[in-house]
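Enquirer: fold the following for me, if possible:
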Amino acid sequence: MKAKLFSLLAITFLFICCNNQPDCNDSDSIDLAKELIIQEMNENIGKSMTLFGVNIESNIAEFVNNYIEIKSIRVTGKEKELKKCDCATQIEFNLPEDFLEQIDKQSEKLDNFAANSVKNLFSSKLDYEYSLQLSEGEEKELFVEGFVPTEEIQEVFMAFTMLNKRFSEMNKDNSEKTVKNDNSSIVQKKLTDVKLLEFDWYEGYHLTFVTKEGQEIKIYTGDEYDFQKEAIYDVEYKIEIMNTDLEGNNTESHELLTLINLSKK
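Expert: Sure, this is the predicted structure:
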């Protein structure tokens, strides 16, 4: 049986409310409940992930704040004299769409059991119960204490972090893979899932793509395509070292990126 750790955390703020009572659905309460998760994960996940080049503290905070949703919030008890309420919720994981698409693409390389196990892990829902209580005085402290399903959350976090790191490395390998010809003056490259920002015409089409990392890449083609701005493409192109411009005039040596193939996603 996996342990749910009992924890306590408090935040100081000016609590403005007509009845001066904590609320399970209040944004401050939800944020504090997430902070409790972050605190417990930082204390219990250990140092193992540092070995894989992962900044544990910043990655945990980003994961909890961006990819964990606290839903199905219910009030299970109230003690007005103590300014206290009990909350029952569910934790759900809202992971990035492109990450989930990568899992689908890679699932054919896994056996059915492994593929289904990964998908089931990321779609799991975890019970999360905690209590909120306000301190006395004008400047209120909101306390939260509860049982955090730390081990289950850590399983999802570690699987997401390691798979996401692996997918990033695979995409980088694909984009930087080059094929050189005999004189080594032409290099072929491939980009996946890039957005077409704009295109214009001058002795052919000049296309501007942007990668997920925000890098802009300009590629030339003399061929006709049904270009669509903001569309996502896979792009194959070659890099040539040129000593002339597109009109044939002599210039200083420069790189020309020429389109080989364009595939709309």
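Enquirer: would you map the strands across the stretch 151-265 of the chain?
Expert: The residue ranges that make up the strands of the stretch 151-265 of the chain, judged by DSSP state E, counting those that start in this stretch, are 179-180, 186-201, 205-210, 216-221, 232-244, 250-264.
Enquirer: rank those strands by pLDDT, which is bottom?
Expert: Ranked by mean pLDDT, the strands of the stretch 151-265 of the chain end with strand 179-180 at the bottom, a mean of 40.
Enquirer: got the contact list for residue 166?
Expert: If you count contacts by C-beta atoms under 8 Å, 6 or more residues apart in numbering, residue 166 has none. No exception for glycine: its C-beta is placed from N, CA and C like everyone else's.
Enquirer: picking that back up, save the strands of the stretch 151-265 of the chain as a markdown table, and put in mean neighbour count and distance to residue 120 too.
Expert: Written out in a markdown table, the entries for the strands of the stretch 151-265 of the chain read as follows (neighbours: other C-beta atoms under 10 Å; distance: least, C-beta to C-beta, whole Å):
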| stretch | mean neighbour count | distance to residue 120 |
| --- | --- | --- |
| strand 179-180 | 10 | 40 |
| strand 186-201 | 16 | 26 |
| strand 205-210 | 18 | 35 |
| strand 216-221 | 17 | 38 |
| strand 232-244 | 16 | 28 |
| strand 250-264 | 13 | 32 |
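Enquirer: where in the stretch 101-250 of the chain is pLDDT low?
Expert: Applying pLDDT under 70 to the stretch 101-250 of the chain flags residues 107-115, 138, 171-186, 244-248.
Enquirer: please, where are all the helices along it?
Expert: Under the criterion DSSP state H, counting those that start in this stretch, the stretch 101-250 of the chain carries helices at the ranges 112-122, 150-176.
Enquirer: buried set for the longest one?
Expert: Using 16 or more other C-beta atoms under 10 Å as the test for burial, helix 150-176 gives 150, 152-154, 156-158, 160-161, 163-164, 167, 171, 175.
Enquirer: tabulate the helices of the stretch 101-250 of the chain (JSON lines), appending distance to residue 129.
Expert: Compiled in JSON lines, the helices of the stretch 101-250 of the chain are given as follows (distance: least, C-beta to C-beta, whole Å):
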{"stretch": "helix 112-122", "distance to residue 129": "22"}
{"stretch": "helix 150-176", "distance to residue 129": "14"}
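Enquirer: quick one: which of the ones you listed is nearest residue 22?
Expert: The closest approach between residue 22 and any of those, judged by C-beta to C-beta, belongs to helix 150-176 at 23.2 Å.
Enquirer: how far away from the center of its chain is the closest one?
Expert: Computed by C-alpha atoms, centre = their mean, to the nearest Å, the separation of helix 150-176 from the middle of its chain amounts to 10 Å.
Enquirer: next one: stretch 226-244
Expert: 27 Å.
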